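Undergrad: here is a sequence with its predicted model. Questions after.
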Amino acid sequence: MKKREFRKILIANRGEIACRIIWTCKEMGIRTVAVHSEADKDALHVRYADEAVCIGPPPSAQSYLNIPSIISAAEITNVDAIHPGYGFLAESKTFAKVCEDCNIKFIGPTPHIIGMMGDKVEARRTMKAAGVPILPGSPEPIESAVEAIKLAKEIGFPIIIKAAAGGGGRGMRIVRKKEELPAQLETAQAEALAAFKNGSVYIERYIERPRHIEIQILADEYGNCIHLGERECTIQRRHQKLLEEAPSPIITPEQREQMGAIAVKACQEIGYSNAGTFEFLLDEDGSFYFMEMNTRIQVEHPVTEMVTLADIVRNQIRIAEGEELGYTQDDLLIVGHSIECRINAEDPEKFTPSPGRITAFNIPGGPGVRVDTAVYPGYVVPPYYDSMIAKLIVHARTRKLAIGRMKRALEMMVVEGIKTTIPLHLKIMNDEKFQKGDFSTKFMEEFLSTNS
Amino acid sequence: MKKREFRKILIANRGEIACRIIWTCKEMGIRTVAVHSEADKDALHVRYADEAVCIGPPPSAQSYLNIPSIISAAEITNVDAIHPGYGFLAESKTFAKVCEDCNIKFIGPTPHIIGMMGDKVEARRTMKAAGVPILPGSPEPIESAVEAIKLAKEIGFPIIIKAAAGGGGRGMRIVRKKEELPAQLETAQAEALAAFKNGSVYIERYIERPRHIEIQILADEYGNCIHLGERECTIQRRHQKLLEEAPSPIITPEQREQMGAIAVKACQEIGYSNAGTFEFLLDEDGSFYFMEMNTRIQVEHPVTEMVTLADIVRNQIRIAEGEELGYTQDDLLIVGHSIECRINAEDPEKFTPSPGRITAFNIPGGPGVRVDTAVYPGYVVPPYYDSMIAKLIVHARTRKLAIGRMKRALEMMVVEGIKTTIPLHLKIMNDEKFQKGDFSTKFMEEFLSTNS
Amino acid sequence: MSESSAKAKEEIKGQTRGSSKKTAPKKTSQVSEPSLNMDELYELASLVDEHGFTDFEFENANIRVRLSKNPAPQIVQAVQPYAPAPAVQNKSEVKTEPVSAETAIDEDLHIIISEIVGTFYSASAPDKEPYVKLGSTVTPEMTVCIIEAMKLMNEIQAEVAGEVVKIYVENGQPVEYGQPLFGIRK
Amino acid sequence: MSESSAKAKEEIKGQTRGSSKKTAPKKTSQVSEPSLNMDELYELASLVDEHGFTDFEFENANIRVRLSKNPAPQIVQAVQPYAPAPAVQNKSEVKTEPVSAETAIDEDLHIIISEIVGTFYSASAPDKEPYVKLGSTVTPEMTVCIIEAMKLMNEIQAEVAGEVVKIYVENGQPVEYGQPLFGIRK
């Protein structure tokens, strides 16, 4: 049934996601190759993989983003495919193209689709054409202040200026008054240019109290596509997700069906294959708007795995092998409630990074608790990479029980030697608004001003 | 809704089950008291509990079986209830009675029911009256060889002689020929007397290649009772379970419904309340016979929790608080497949105990893996108690995926300093007959003779 | 709670508390003076400590600074990591004054321990005098206290002759197995 | 960052790459300030700590700084447990003879490492003679080998003059970043 059979996969990533991919490869009987920088020679992904290749010095640009090194590593170890994880090269059209040229299967969609979804303006245009609701806004990059003011009047204030090549909140500007627009536009363009080497920006309606809801999909090479329900990702700080849930406490089965069906149809229209995520802004009136599509596995995929019992990494690999999906939408069963807390090596109040040696590390166990981590006692968190050191995931019958379980798990989790966001998550779990499920993307802002 | 509200619970146990109970208490906001022997002062249950009381020297008889000490500990810490876990005093009618007299709620059924189910002959009689199929055999203890031979002729050889007060395989004798019966009867009676201070034995039909299937039930004080499906516990060595699964690879939904309904009806007839387990022998022709009822939580309860998302300990506590069950049989959903491997501190070939200091301990994480343990790096496994140091539990969509996941988890689990049964479990996971689900209680015997 | 783990916890708490004390003072601009002032020294100390250094030396034409620290006992660390902080903080109700091991050894005392879990009473009834006080002389058969367990009053005998020099528990206090009650100098 | 700590950083980088043990930093004479300021000290401490050094010393005409840390005795224990036995046993394919650290230090060799991940070739073509052999004398511009990466043949220069006394890799062998290729005695 498979077009190709993977005997060996190289994981072009580090940290927990590299381990996560290795675990599934082990379960599938596929051999693994880890690549690592000099700073990661003692990392867990290096030890769990069957083979390991050092690909450069600590800075990402010279190692985990170093395409020639990674491709060479793939060639000397003779792998069939490369799994990019998330971040680093996961959404690099160039990398996917080089893999293709070198006859190594990139576990993800085609370079063309990666490129299309990586450009916000093009993604927006494509999705609109595929029938996905988008925020009223500019169809093309905005060049002049005159053009911006004209459009803003049509859309209505407040509006938001975003970098076409952006992400993670950089290059975003909210404008509430016409007079502020020219100056803000200029700043946003300059920021976009500095951050992404691309000064293109576009504008769209700004929603005051939105929720961030995303739909997980799985699509094979033959046009079969299903969604795995939504994830609630509203709890963010500076556009960085802190914790995620599945299902969302406010999405009805009808909304799930509607959002899911739209995402599935769009995937089929653009010929998408791989796991993927549609990020939506949900307004207070229940209307929702496409924000962006992530063409890779996401940090928060475990909450979906918990409630659906799907192994998303396994499905990515099966799809890349050219297997048929084998599930229909009717097979989807969402059982219970799952929450994921991202444990970062950060000061829980000031959010300053806290790299260093972990002197004690204890992982909670017992019913309904999952930990995805690449950390161990004695491990030194290097200062070069992302600060996330572990994902603590719980699953229980109801959201209330899941919150209780998360509190227990957070209390049982011991990380000494560095500061972590565990105390912050405990406070959030005890927050009344969080417990009620009554929040918007402004939650953390309001929470932090109340709790400090 | 509750008759009583537990503010604080004493856990009259040690090891992983004590921790397991503490975890659920934490989730429920109930304070906990650990009791421990002098050998267990550094044990994890002592650290995780809110309070701890030393109740005696290392030997169980003077500590974990020391009723006056435990009751005193309960009194000086002013607890509302005692959870007995499994083993030790969990099925002691006396202990349950003392708790009742001291006005401390025993989390389990009434002393009367514990006593009834603890006596095999009485349990058999009661269950027969409640409509539960039992093996053809003696309704009363057998005294003389003449009586035994007469009965054996009715039942048909082979027959098995069992101790009325027995368990764990001690005092059992299989007899295939009439001539052997008198001598074997005498030996069995002597063994029973030595092991249980009660020489009563009974005989029943012996099934050559049975499977050991058990039904988990939950029953409240108001006659509400549901079953949570079956567990497959056929893989045993010398009548000790090594690994368990849910669901059984061979039980059909109809069989599950039939066995479950019989167990539920019996519980309601005898007025049972608490979690409980009906152990059945399943013959190759599909007929099944009651063996015994366990009136407590069981070691293998997690596999049921994984596939049903029920928290059995939470339900025990709720039921003991006098809450109504709140579920009906229609709420039961069995999703996926779960396997539990008991990791014992034993030589994986010779099965000799291997207590001592654990120099390195790594718990596997990632999707579908649960670990229940009270062990940590540096912990010394004391020689006084059970050799089980951890339970490794996996959950996946299908049995085949669960076996793959268990292999991965076993490979990732690191225990150094002592010998464990991890290598044995890996071999079992790779065994063709096990993978096919084609086995009887003779599996381990045959497996070990082939693999050594 | 057993004596040794109680002690370990005390130690840990002490350590934790000690290290959290060191709030970093404001950064001072420059060391322009030929000597360090106290603020700078504080800052230096917390800096070195925060990073887990055990030795620091500094000298120039005018001054020389050296900071050093004995390595933290690893045993405690190895055991303690698994004690979850909240649990440790909450534990107090059955707490008793842990007997100092050194005292016991130095003075070669005979320690009467509780063989029973229950409640300690120093006298036969609330309005009676205690069986023994500090300085009392006891004989082996003498009752020194009562421990109530399961509504039974258990009279505890001294079992040795000597002078009562330590009383580790208070009237009405719950006691666990193995808990020191009295120190007797023979 | 002031010049002195910038220098320190240089030294540290050099140490990391050279993999040789604590080579004493050369004395610099161009330090403008006779002392460190606190900002520099902060930077220095975190710098040294981040890199996991257990010892740091710095001195010049005016100042001398030393930071040291007791190497945690559990490093080996703490790190090793998590290497799962099966994975370790299977690892072999990209393995090469690791260069012995002592050898490198004892003989004070210059090690030519691979800056590229790829396949090592000792000659320009299969039927040609190797660029260098044991005992060959090299000049800095001389090509010592080829590393093939992504179908490109990268000529590697010696960059130092001396005698080839060690060859750590074999023709056709895959090499990773930082892997020693040759030992050159200057």
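TA: Sure thing, it's come through. Numbering: from 1, shown residues only, chains lettered A, B, ... in the order given.

Undergrad: low-scoring stretches of chain A, by residue?
TA: A:1, A:167-171, A:452 (pLDDT under 70).

Undergrad: again, only this time at 80
TA: Under the criterion pLDDT under 80, the flagged ranges of chain A are A:1, A:138-140, A:165-171, A:452.

Undergrad: let's check: the centremost residue of it is which one?
TA: A:Gln298 (3.4 Å; Cα atoms, centre = their mean).

Undergrad: tell me which element the closest residue to A:Gly404 other than its chain neighbours is part of?
TA: In this structure, A:Gly404 finds its nearest non-sequential neighbour in B:Glu27, 4.3 Å apart by Cβ to Cβ, 6 or more residues apart in numbering or on different chains. Using the backbone N, CA and C atoms, a C-beta is placed for each residue, glycine as well. Using DSSP states H and E, B:Glu27 sits in helix B:15-28.

Undergrad: by contact count, what packs against that helix?
TA: Where contact means 3 or more Cβ pairs under 8 Å, 6 or more residues apart in numbering or on different chains; DSSP states H and E, helix B:15-28 is packed against helix A:399-412, strand B:8-11, strand B:31-37, helix B:44-48, helix B:312-320, strand B:369-373, strand B:388-396.

Undergrad: pull that helix out as PDB, backbone CA atoms only.
TA: What follows is helix B:15-28, C-alpha atoms only, in PDB (Å, rounded to 0.1, in the frame of the first residue of the first chain):
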ATOM      1  CA  GLY B  15       4.900   1.700  47.500                       C
ATOM      2  CA  GLU B  16       3.200   2.700  44.300                       C
ATOM      3  CA  ILE B  17      -0.400   2.100  45.400                       C
ATOM      4  CA  ALA B  18       0.100   4.500  48.400                       C
ATOM      5  CA  CYS B  19       1.400   7.100  46.000                       C
ATOM      6  CA  ARG B  20      -1.400   6.400  43.500                       C
ATOM      7  CA  ILE B  21      -4.000   7.000  46.300                       C
ATOM      8  CA  ILE B  22      -2.200  10.200  47.400                       C
ATOM      9  CA  TRP B  23      -2.300  11.500  43.800                       C
ATOM     10  CA  THR B  24      -6.000  11.200  43.600                       C
ATOM     11  CA  CYS B  25      -6.500  12.700  47.100                       C
ATOM     12  CA  LYS B  26      -4.500  15.700  46.000                       C
ATOM     13  CA  GLU B  27      -6.700  16.000  42.900                       C
ATOM     14  CA  MET B  28      -9.700  15.900  45.200                       C
END
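
Undergrad: now that helix against helix A:399-412, angle please.
TA: Orientation note: helix B:15-28 sits at an angle of 120 degrees relative to helix A:399-412 (axes from the mean of the first three to the mean of the last three Cα atoms, to 10 degrees).

Undergrad: how about the residue in chain C that chain B sits nearest to, what does it touch?
TA: Distances between chain C and chain B by Cβ to the nearest Cβ are smallest at C:Pro174, namely 3.4 Å. Contacts for C:Pro174 were tallied using Cβ atoms under 8 Å, 6 or more residues apart in numbering or on different chains; they are B:76-77, C:94, C:118-120.

Undergrad: among those, which two are most distant?
TA: B:Thr77 and C:Phe120 (14.6 Å; Cβ to Cβ).

Undergrad: so where is chain C shaky, pLDDT-wise?
TA: Low-confidence segments of chain C, defined by pLDDT under 80: C:1-108, C:150-151.

Undergrad: and with 70 instead?
TA: Ranges of chain C meeting pLDDT under 70: C:1-107.

Undergrad: show me which residues of chain A sit near chain B.
TA: Contact residues, chain A versus chain B (Cβ under 8 Å from any Cβ of the partner chain): A:19-20, A:23-24, A:26-29, A:48, A:302, A:305, A:309-311, A:333, A:335-336, A:362-363, A:365-373, A:376-377, A:395-397, A:401, A:404-405, A:407-408, A:411-412.

Undergrad: now the buried members of those.
TA: Buried members of these, counted by 16 or more other Cβ atoms under 10 Å in any protein chain shown: A:19-20, A:23-24, A:26-28, A:48, A:302, A:305, A:309-311, A:335-336, A:362-363, A:365-373, A:376-377, A:395-397, A:401, A:404-405, A:407-408, A:411-412.

Undergrad: which helix or which strand is home to A:Gly229?
TA: Using DSSP H and E, A:Gly229 falls in strand A:225-232.

Undergrad: counting contacts, what elements does that strand pack onto?
TA: Where contact means 3+ Cβ pairs under 8 Å, 6+ apart, strand A:225-232 is packed against strand A:211-219, strand A:243-246, helix A:253-270, helix A:301-308.

Undergrad: could you give the angle of the third one to strand A:225-232?
TA: With the same axes, to 10 degrees applied, the angle from helix A:253-270 to strand A:225-232 works out at 130 degrees.

Undergrad: list the contacts of helix A:253-270.
TA: A:113, A:116, A:126-127, A:129-133, A:213, A:215, A:217, A:219, A:223, A:225-227, A:229-230, A:247, A:251, A:272, A:276, A:278, A:280, A:286, A:288, A:329.

Undergrad: same thing with stretch A:130-149?
TA: Contacts to stretch A:130-149, defined as Cβ under 8 Å, 6+ apart, come from residues A:121, A:124-125, A:127-128, A:151, A:154-156, A:159, A:161, A:164, A:178, A:181-182, A:185-186, A:200-205, A:207, A:262-263, A:265-266, A:269-270, A:278, A:281, A:287-291.

Undergrad: residues contacting A:Phe288?
TA: A:133, A:213, A:255, A:259, A:280-282.

Undergrad: is it possible to mark the buried ones in the residues you listed?
TA: Buried members of the contacts of A:Phe288, counted by 16+ other Cβ under 10 Å: A:213, A:255, A:259, A:280-282.
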